[in-house]
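Engineer: predicted model follows, preceded by the sequence.
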Amino acid sequence: MLTNQARLIIAGIFVLMLAFFVYEQVYQLAGVALMFSALLIWGYFKEGPIVIAAKHFHDKNYDKAEQLLKTINKPDLLSKKRRGFYEFMMGGINLQRQDYDAAERHYEVAAQYPLRSVNDHVAALAHVANISIRQHNYEKAGVYLVLAHKHYDKTTAKMKSVLERLDKELKNHQTK
């Protein structure tokens, strides 16, 4: 649960400790300092500040969540679980800002990665379907609703009602 800046500062401290321990010929402590700095650098690329951003996202502090998520220079390097949640949160932030094209792109990517729960996965699919309906892309909406219905039994009652509403809305538009 560190920001990227904090990770780099602490890793720098461990590198300085590594140099000091090598200078003093205390190789066991130098190995420990090397291990901790490598672990922090690995976390910089694979973990990122996703956990802290998720807390802000959950508290509906979208500006702070976005600020933390933008510190991730290469989201492609995040671990699979972190990448899915990164995309899910970026989709939610863009949806709040009414940037529907960006939200749709992020939710499409999020649906390709494992998320926290099946309900989150279905929510990502439902968001893409909903945005597609709003943009009059009914074929794409239908495809994403079919994907969402594959997990229908494992979703909450609220998500089931969202899917049913989207089904009705799609049918209304397709019959016109």
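Structural biologist: Perfect, I can see it now. Residues are numbered from 1 along each chain as shown.
Engineer: gap between the residue nearest to residue 149 when sequence neighbours are not counted and residue 1?
Structural biologist: Leaving aside its sequence neighbours, residue 149 sits nearest to residue 163 (C-beta to C-beta, 6 or more residues apart in numbering; 6.6 Å). Bear in mind the C-beta positions are built from the backbone N, C-alpha and C, glycine included. Using C-beta to C-beta, to the nearest Å, residue 163 is found at 34 Å from residue 1.
Engineer: and for residue 48?
Structural biologist: Distance, residue 48 to residue 1, by C-beta to C-beta: 11 Å.
Engineer: quick one: contacts for the residue nearest to residue 149?
Structural biologist: Residue 163 makes contact with 122, 126, 145, 148-149, 152, 155, according to C-beta atoms under 8 Å, 6 or more residues apart in numbering.
Engineer: tell me which two of those sit farthest apart.
Structural biologist: Farthest pair in the contacts of residue 163 (C-beta to C-beta) is 145 and 155. Separation: 12.7 Å.
Engineer: so for the helix or strand of the chain with the lowest mean pLDDT, what gets flagged as buried?
Structural biologist: Every helix and strand of the chain was ranked by mean pLDDT, DSSP states H and E. The lowest is helix 157-175, at a mean of 87. By neighbour count with 16 or more other C-beta atoms under 10 Å, helix 157-175 contains the buried residues 159, 162-163, 166-167, 169-170.
Engineer: so can I have a markdown table of those showing distance to residue 32?
Structural biologist: As requested, the buried residues of helix 157-175 are exported to a markdown table (distance: C-beta to C-beta, whole Å):
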| residue | distance to residue 32 |
| --- | --- |
| 159 | 47 |
| 162 | 51 |
| 163 | 52 |
| 166 | 54 |
| 167 | 58 |
| 169 | 59 |
| 170 | 58 |
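Engineer: correct me, but residue 147 touches residue 124?
Structural biologist: No. Taking contacts as C-beta atoms under 8 Å, residue 147 lies outside contact range of residue 124: 9.8 Å.
Engineer: distance of residue 132 from residue 90?
Structural biologist: Remark: distance between residue 132 and residue 90 (C-beta to C-beta) = 18 Å.
Engineer: how about residue 129, what does it touch?
Structural biologist: By C-beta under 8 Å, 6+ apart, the contact list for residue 129 reads 140-142, 144-145, 148, 166, 170.
Engineer: helices - which of those land there?
Structural biologist: Applying DSSP state H to the contacts of residue 129, the entries found in helices are 140-142, 144-145, 148, 166, 170.
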